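Q: everything below, folded, please.
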Amino acid sequence: MATGMRVLLAGSTGETGKVLLQKLLDDSRVTKVRTLGRRESKVTHDKLEHRVVDFEAGLAPDLFQDQDVAMCTLGTTRGKSGKDGFLRVDRDYIMDFATKSKEANIKQFHLLSSNGANADSSFLYLNTKGLVDNKVQEMNFEKAVIYRPAVLLCEREESRFGEAIARKILTWTDTGRRMSIYVTDVAQGMLNSIFVGENGNHILENHHIISRAKET
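A: Coordinates of the predicted model:
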């Protein structure tokens with residue numbers, strides 16, 4: 001099993017990203033974590049190096065040097081950022097991060113996508129997610145893993161009333177986790193996928209992520 005992994009993470013302040021970051025820092029197999037963000041990080045750790053970046057201007061190639069794994073949990077919504085803002089984050093920023101990861105010869109790329117992502121969808125959100133997923137798979141990373149979780153169960157810092165109610169209902173009723181997943185399981189599944197699973201392209205749907213979270 002690989003050890004001494006150096007991980008580059010974009011999106012460490014989102015609901016999944018901040019849980020993933022803590023798991024990376026706690027794992028002895030990970031020796032260094034470099035995070036990219038628009039603001040200074042509130043997290044401190046001996047293994048952590050945070051870089052303040054301007055995603056709009058494009059990421060500098062030196063940010064990607066000497067990394068083994070790139071992980072991306074960037075994302076927003078049309079409701080929060082508008083159509084143009086959504087496309088900038090979920091298409092342009094992610095593709096810039098993926099492209100430069102490939103150019104720097106990073107071996108693994110892990111992308112948080114969405115349940116229902118489909119390049120043929122008529123819905124902007126799912127269509128964009130699907131197109132980006134496809135492009136990442138075409139880059140021929142040594143290992144590329146795309147995660148498509150269902151409704152994330154967590155206490156969001158920003159949440160609309162209807163979304164909060166839906167999460168509460170699913171927490172109690174969706175006991176089989178067909179339509180929902182705990183953020184801790186998503187983060188654990190992403191961490192475990194660094195160390196288990198074969199090379200090549202992989203798409204992990206909701207139930208696959210839950211299974212992967214239980215692997216060691």
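Q: hmm, residue 140 and residue 107 touching each other?
A: No - counting by C-beta atoms under 8 Å, residue 107 does not reach residue 140; the two are 11.1 Å apart. (Each C-beta comes from the backbone N, C-alpha and C, glycine too.)
Q: compare these two (neighbour count), which wins?
A: residue 107 (16 against 10; other C-beta atoms under 10 Å).
Q: what about the closest residue to the more buried one other than its chain neighbours, how many neighbours?
A: Excluding the flanking residues, the one nearest residue 107 by C-beta to C-beta, 6 or more residues apart in numbering is residue 142, at 4.2 Å. If you count neighbours by other C-beta under 10 Å, residue 142 ends up with 11.
Q: again with residue 118
A: So residue 118, with other C-beta under 10 Å, has 15 neighbours.
Q: so it touches residue 130, yeah?
A: Yes - Residue 118 is within contact range of residue 130, at 4.3 Å (criterion: C-beta under 8 Å).
Q: point out where the chain drops to low pLDDT.
A: 1, 154-178 (pLDDT under 70).
Q: center of this structure, which residue is that?
A: residue 73 (2.7 Å; C-alpha atoms, centre = their mean).
Q: which ones are touching it?
A: Contacts for residue 73 (C-beta atoms under 8 Å, 6 or more residues apart in numbering) come out as 9, 10, 11, 12, 14, 16, 17, 20, 112.
Q: repeat the analysis, applying 10 Å as the threshold.
A: 9-21, 94, 110-112, 147, 186-187, 190 (C-beta atoms under 10 Å, 6 or more residues apart in numbering).
Q: one more: residue 67?
A: 5-9, 32-34, 101, 104-108.
Q: make a markdown table out of these and add secondary structure.
A: Conversion of these to a markdown table gives the following (DSSP: H, G, I helix; E, B strand; the rest coil):
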| residue | secondary structure |
| --- | --- |
| 5 | strand |
| 6 | strand |
| 7 | strand |
| 8 | strand |
| 9 | strand |
| 32 | strand |
| 33 | strand |
| 34 | strand |
| 101 | helix |
| 104 | coil |
| 105 | coil |
| 106 | coil |
| 107 | coil |
| 108 | strand |
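Q: closest to residue 195 out of those residues?
A: Of all those, residue 195 sits closest to residue 5, with 8.0 Å by C-beta to C-beta.
Q: any idea how far that closest one lies from residue 124?
A: As judged by C-beta to C-beta, to the nearest Å, residue 5 and residue 124 stand 35 Å apart.
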